[in-house]
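Asker: Pasting the sequence and the predicted model now:
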Amino acid sequence: MVIGVTGGVGSGKSTVLNFLRDGYRAQIIEEDQVARELMEPGGACYQAVTEAFGPEILAEDGQINRKELAALVFSDEAKRKQLNSLTHPLVEREVRRRIAAYDGLSVVETALPREAGLRCFCDTVWYVHVSDEIRIARLMQDRGYSREKCLQVMASQLSEEEFRSLSDVVIENGGAREETHQQIRDSYNIFLKQNRF
Ligand SMILES: CC(C)(COP(=O)(O)OP(=O)(O)OC[C@H]1O[C@@H](n2cnc3c(N)ncnc32)[C@H](O)[C@@H]1O)[C@@H](O)C(=O)NCCC(=O)NCCS
Ligand SMILES: Nc1ncnc2c1ncn2[C@@H]1O[C@H](COP(=O)(O)OP(=O)(O)OP(=O)(O)O)[C@@H](O)[C@H]1O
């Protein structure tokens, strides 16, 4: 069984993943993390990305400077799409490999469900929703993002309506964590019942 977890930046996807990992012994596959691994020197995306974006995105030790690359792609939609086209097919291949290799519940997390083709390999897709103001406040406080950075990343992602239309379940994460945990338990049990897994 494969659950897709999606939602905008800072909506609380990692919080949902932690609960599924601890409570249901799920294998967690974070597409951000997979992309990061593939962009390490020697990784499957490294050469293509450094050739496409040039030496200005490289740190002295040869690693890709993620801050530089983020500044480039989040201010230029064509560049963001170019980066996506270099990374997403290889990320998806690696995600599928990990799902096939694991005998149990896999949970795939992504902020980009359409670009990542999430529906194709998930049995159910859950959207983690929080109002923009709450997620901006959480990202500024917990992750040190500026308000401007939050708005820039949010502008490059799907709208709430688009996320909803791609998802089977909406998890509301604007309240206390325990309320979110209860929605996860309920959604999981309903899905098992409906699908006889
Ligand atoms: C642009 C990069 C270098 C920024 O790295 P950085 O370490 O600063 O941030 P991190 O990877 O943790 O991403 C932070 C958040 O930005 C959002 N985000 C990341 N990539 C993208 C993208 N291509 N388009 C829109 N939003 C994105 C996500 O909500 C993510 O959680 C990095 O995100 C990247 O390489 N992105 C391309 C690969 C990708 O699309 N990954 C996401 C799913 S496959
Ligand atoms: N119910 C909650 N109450 C208070 N804070 C929360 C709650 N859920 C998440 N947070 C906090 O909000 C911030 C964003 O959550 P999280 O990192 O899970 O988001 P995310 O969707 O995984 O983000 P990204 O798209 O960047 O990976 C974190 O600092 C987290 O601790």
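Answerer: Done, it's in. Ligands and ions are numbered 1, 2, ... in the order given.
Asker: before we move on, what SS does residue 125 have?
Answerer: strand (DSSP: H, G, I helix; E, B strand; the rest coil).
Asker: CA-only coordinates of the host helix or strand of residue 154, as PDB, when you get a sec.
Answerer: Here residue 154, judged by DSSP states H and E, is contained in helix 147-155. Output of helix 147-155 as PDB, limited to C-alpha atoms (Å, rounded to 0.1, in the frame of the first residue of the first chain):
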ATOM      1  CA  ARG A 147       8.200  36.300   4.700                       C
ATOM      2  CA  GLU A 148       9.400  37.100   1.200                       C
ATOM      3  CA  LYS A 149      11.000  33.700   0.800                       C
ATOM      4  CA  CYS A 150       7.800  32.000   2.000                       C
ATOM      5  CA  LEU A 151       5.700  33.900  -0.500                       C
ATOM      6  CA  GLN A 152       8.100  33.200  -3.300                       C
ATOM      7  CA  VAL A 153       8.100  29.500  -2.800                       C
ATOM      8  CA  MET A 154       4.400  29.400  -2.300                       C
ATOM      9  CA  ALA A 155       3.800  31.300  -5.500                       C
END
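Asker: for it, packing partners?
Answerer: When contacts are defined as 3 or more CB pairs under 8 Å, 6 or more residues apart in numbering; DSSP states H and E, helix 147-155 sits against helix 132-143. Bear in mind the C-beta positions are built from the backbone N, C-alpha and C, glycine included.
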